[in-house]
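Engineer: Structure for the following, please:
(one chain, ligands or ions: 2)
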Amino acid sequence: MSQDAGTDSGSDDTTGAAGDYRALVRSSLDDPEGFWGAAAQELTWIHPPKTVLKDRAPFYDWFPDGVLNVCYNALDRHVIDGRADQLALIYDSPVTGTQRSYTYAELLDEVARFAGVLRDLGVSKGDRVVVYLPMIPEAVITMLACARIGAVHSVVFGGFAPAELAARIEDAEPVVVVSASCGVEPTRVVEYKPMLDEALRRSSHQPQHCVIVQREQALAELGETDLEWSQLMRPGAIAPAECVKILATDPLYVLYTSGTTGKPKGIVRDSGGYAVALRWSMSNLYDVQPGETWFCGSDVGWVVGHSYIVYAPLLTGATTILYEGKPVGTPDAGAYWRLIQDYGAVAAFTAPTAIRAIKKVDPDAALLAGYDTSSLRTLFLAGERLDPDTWEWATQALGVPVVDNWWQTETGWPITINPVGITLLPIKPGSSGPATVGYDVQVLDPSGQPTEPGVEGAICIRQPLPPGTLPTLWRDDERYVSSYLSAFPGYYLTGDGGYVDEDGYVFVMGRTDDVLNVAGHRLSTGSLEEALAGHPSVAECAVIGIRDALKGQVPRALVVLKAGIQLDEAGTAALQAELVDRVRAEVGAVAALRQVDVVDGLPKTRSGKILRKTMRQIADGDEAVVPSTIEDVSVLDGLRGVLSGPDRSS
Ligand code: COA
Ligand code: AMP
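Structural biologist: Ligands and ions are numbered 1, 2, ... in the order given. This next block holds a predicted model:
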């Protein structure tokens, strides 16, 4: 493969690699049955699908009569095929000083036994298991154990606070919750068990049991219905569970993600379509082949972690690295380079913010010189916009292609990417690449017409979406349709705005709704606003995401006090601190809210919609679009000084 990672000149290559790839994408859209039917043959099926795609527009089912087991495809079949002694999972934890690895045979043994534990606790096919765990092997084991017995896992990111966890428990109604005594952050031990207990106090649904992984950094006090992982898994205590038969359309997991309201959306992931898409993507998009090692620096609580720490590498028979640490500070900005060297990773995947963090601490990439990263073929970045400066820095430092890819919890795998495993197309900094095989990406204007190349609009995907993408929302078809399909019938609305250039490269410019993206973490303005509004002094509030050099975006809050409340400077400062603490306690530390301003009023339209976008544009120093429907322009004018004032957010 060419190592020329330079900028593209903008050539209109309709022949050669670009033309061939465009033809492949076209064929996947014209003949989805043929394309995905062939891709499905990479998996082992109990009953191979006779039907590839069932159209129940606006719903679509992939491989509706196929029967398989995803865990079997991720573990058992590799053991049978001669990979028993190959490493499946490498756990590397600088925050606890631990390194541990599992061969495919060893991981299968752990998973089958934990599946037996879940079965004996009464978990059966279709039941939910909520997983609230840090980046430890037990998280991967639990996810696969659920897949083995057909239980639906729902992993909740460890950085979320009790209220967020409670909302997910209420909605998913798990039979069992699997958690740990603590997570280990670089500067502190985060006790998970008290947060779980608080979440259960807030939830009307109660699981039958909580299984707790006791970690020596902070042991948890166990209650009556709590069980200890190591006790349940002690040698000889449990009969392993076999794989059960799963319909391809049965849910593998539900992963909650942020919308604009405070109520998270339960993204449903099916089993067969997801496994087919991920297996295909690992070799064809990420250029990782069976037997190779790959490092994905994300978290199992996010979709990137689900797809590319756990399922895709294991479905491929590759070795995956589970890293409990940060890109910087554990112990330094060479941490990722060490992982690549020590385990011979052929490719790595993380968020741009991680690279910006490394660049900030080690601007000349001096630490990189101390490591042999010659195994690395590609660096992939996703989760937020990859700014050209960060792309340039990483490209220069590593000397390998640095490949942006754009996707969302909803899609499960990339909507756009440079398909490195098929061919490395020219890279255009600022673009996340051309549409991926299976995705008919269209940029629409407000009337639903496709825009001309280079003209911004709402980025949409024409239905049917490819396998692996969300079939619906958990127990809420109606919300699925109203959130994603009603704006432009026949199209899935991504919620991102941007444009496509004349070569078919997509440029994603940011969300068109009020979803925040803080250090690659997707958060809802609604959750933060709910936390603020719960304070007795707050009459109303708005949260906006403003540009940040390290985290991409950070939240900023504007609050209006209840009538009659007058605060002096010290009182205001105390309230601001209380509100920051409140968001941390209710939403989680990852929300990273630092700046709260007390204001006299919030600008609204005549129908009462708060003009968050306009405020964001003013705060970012961009040209602000003031809608003609504004109720009282003087309120906005009164805020201009506050919004464009000093950024105290970091
Ligand atoms: N459990 C508990 N707390 C967590 C947590 C977890 N799993 N993850 C983060 N937090 C806490 C952090 O300790 C921090 O707390 P603090 O305010 O007390 O310091 C807070 O949440 C914010 O964390 P983070 O967003 O990680 O910011 P940071 O300033 O500590 O680090 C980066 C900045 C760029 C190094 C970090 O965001 C990072 O590694 N990002 C990678 C991006 C990524 O993995 N994205 C996933 C999508 S691909
Ligand atoms: P999540 O569902 O948490 O993965 O967040 C998805 C959102 O993150 C998308 O809708 C985008 O707004 C943003 N995003 C993810 N990847 C990219 C990318 N490569 N470029 C621009 N934005 C991105």
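Engineer: Near ligand 1, which residues of this structure are found?
Structural biologist: Applying Cβ under 6 Å from any ligand atom, we find that the chain lies next to ligand 1 at 134, 158-159, 183, 185, 190, 298-299, 302, 304, 326-328, 351, 353-354, 357, 383, 519-520, 589-590, 592. In this view, the C-beta of every residue, glycine as well, is placed from N, C-alpha and C.
Engineer: residues touching the closest residue to ligand 2 within the stretch 551-650 of the chain, list them.
Structural biologist: Minimum separation of the stretch 551-650 of the chain from ligand 2 (Cβ to the nearest ligand atom) falls at Gly552, amounting to 8.7 Å. Contacts for Gly552 (Cβ atoms under 8 Å, 6 or more residues apart in numbering) come out as 352-353, 384-385, 517-520.
Engineer: The same query, at a cut-off of 6 Å, please.
Structural biologist: Residues in contact with Gly552, defined by Cβ atoms under 6 Å, 6 or more residues apart in numbering, are 353, 384, 517.
Engineer: related to what we said a few turns ago, next step: the residues of the chain next to ligand 1 restricted to helices.
Structural biologist: Using DSSP state H, 304, 353-354, 357 are the members of these that sit in helices.
Engineer: Out of the residues you listed, who's the most crowded?
Structural biologist: For those, neighbours were counted by other Cβ atoms under 10 Å; the highest total belongs to Val304, with 25 neighbours.
Engineer: nearest spatial neighbour of it, skipping sequence neighbours?
Structural biologist: Excluding its sequence neighbours, the residue lying closest to Val304 (Cβ to Cβ, 6 or more residues apart in numbering) is Ser298, at 3.9 Å.
Engineer: likewise Pro450?
Structural biologist: Using Cβ to Cβ, 6+ apart and skipping residues adjacent in sequence, the residue nearest Pro450 is Gln442, 5.2 Å away.
Engineer: got a list of contacts for the strand or helix carrying that neighbour?
Structural biologist: Assigned by DSSP states H and E, Gln442 belongs to strand 440-444. Strand 440-444 is contacted from outside by 29, 435, 450-451, 457-462, 488, 499-500, using Cβ under 6 Å, 6+ apart.
Engineer: How about residues contacting the helix or strand harbouring Gly571?
Structural biologist: Assigning secondary structure by DSSP H and E places Gly571 in helix 569-586. Applying Cβ under 6 Å, 6+ apart, the external contacts of helix 569-586 come out as 161, 163, 528, 531-532, 591, 593, 596, 598.
Engineer: now that helix: mean pLDDT?
Structural biologist: Averaging pLDDT along helix 569-586 gives 96.
Engineer: For whichever helix or strand comes after it, which helices and strands make contact with it?
Structural biologist: Note on helix 569-586: by DSSP H and E, the next helix or strand toward the C-terminus is strand 595-599. Counting contacts by 3 or more Cβ pairs under 6 Å, 6 or more residues apart in numbering; DSSP states H and E, strand 595-599 packs against strand 552-561, helix 569-586.
Engineer: ok now the first one, how far from the chain's centre?
Structural biologist: Averaged C-alpha coordinates place strand 552-561 at 23 Å from its chain's average position (Cα atoms, centre = their mean, to the nearest Å).
Engineer: Direction included, what does that strand pair against?
Structural biologist: Note on strand 552-561: by DSSP bridges, its sheet partners are strand 538-548 (antiparallel), strand 595-599 (parallel).
Engineer: Give me whichever of those strands is most buried.
Structural biologist: The highest mean neighbour count among those, using mean count of other Cβ atoms under 10 Å, belongs to strand 538-548: a mean of 21.
Engineer: and it, what's its mean pLDDT?
Structural biologist: 96.
Engineer: Stretch 185-192 too?
Structural biologist: On average, the pLDDT along stretch 185-192 is 96.
Engineer: Same check on stretch 70-80?
Structural biologist: 99.
Engineer: Endpoints of it, how far apart?
Structural biologist: Stretch 70-80 has an end-to-end distance of 15 Å (Cα to Cα, to the nearest Å).
Engineer: Which positions in it come out as buried?
Structural biologist: Within stretch 70-80, the residues that count as buried by 16 or more other Cβ atoms under 10 Å are 70-79.
Engineer: May I have the distance across stretch 446-462, first residue to last?
Structural biologist: OK, stretch 446-462 end separation, Cα to Cα: 16 Å.
Engineer: Next, the contact list for Gly545, please.
Structural biologist: 516, 553, 555 are the contacts of Gly545 under Cβ under 6 Å, 6+ apart.
Engineer: and the closest residue to Val111 other than its chain neighbours, how many neighbours?
Structural biologist: In space, and not counting its chain neighbours, Val111 is closest to Leu144: 4.4 Å by Cβ to Cβ, 6+ apart. Residues near Leu144, counting by other Cβ under 10 Å, number 26.
Engineer: Quick one: mean pLDDT over the helix or strand hosting Leu144.
Structural biologist: Leu144 belongs to helix 137-149 when assigned by DSSP H and E. Helix 137-149 comes out with an average pLDDT of 99.
Engineer: just how off-centre is it within its chain?
Structural biologist: That offset, for helix 137-149, works out to 18 Å (Cα atoms, centre = their mean).
Engineer: Quick one: mean pLDDT for the next helix or strand after it?
Structural biologist: For helix 137-149, the following helix or strand on the C-terminal side (DSSP H and E) is strand 152-155. Strand 152-155 comes out with an average pLDDT of 98.
Engineer: for strand 152-155, packing partners?
Structural biologist: Looks like strand 152-155 contacts strand 128-132, strand 251-257 (3+ Cβ pairs under 6 Å, 6+ apart).
Engineer: next SSE after the longest one?
Structural biologist: Same thing as strand 251-257. Note on strand 251-257: by DSSP H and E, the next helix or strand toward the C-terminus is strand 265-270.
Engineer: and the helix or strand following that following strand, what does it pack onto?
Structural biologist: Later in the chain than strand 265-270, the nearest helix or strand by DSSP H and E is helix 272-284. Helices and strands touching helix 272-284, by 3+ Cβ pairs under 6 Å, 6+ apart, are helix 32-40, helix 312-316.
Engineer: Who wins on neighbours among the contacts of Gly545?
Structural biologist: Gln553 (27 neighbours).
Engineer: which residues does it contact?
Structural biologist: So Gln553 contacts 516-518, 545 (Cβ under 6 Å, 6+ apart).
Engineer: if you skip the residues just before and after it, what's nearest to it?
Structural biologist: Nearest residue to Gln553 in three dimensions, chain neighbours excluded: Gly545, at 4.0 Å (Cβ to Cβ, 6+ apart).
Engineer: and the one you found, bridged to which residues?
Structural biologist: Beta bridges link Gly545 to Pro555, judged by DSSP bridges.
Engineer: hang on, the earlier thing: if you look at the strand holding Gln442, does any of it touch ligand 2?
Structural biologist: No - using Cβ under 6 Å from any ligand atom, we find that strand 440-444 stays clear of ligand 2, coming within 13.0 Å at best.
Engineer: For that strand, list the C-alpha coordinates in CSV.
Structural biologist: The C-alpha coordinates for strand 440-444 follow below in CSV (Å, rounded to 0.1, in the frame of the first residue of the first chain):
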residue,chain,number,x,y,z
ASP,A,440,-26.2,6.2,0.1
VAL,A,441,-25.1,9.5,1.6
GLN,A,442,-27.0,12.6,0.4
VAL,A,443,-26.9,16.2,1.6
LEU,A,444,-30.3,17.7,1.5
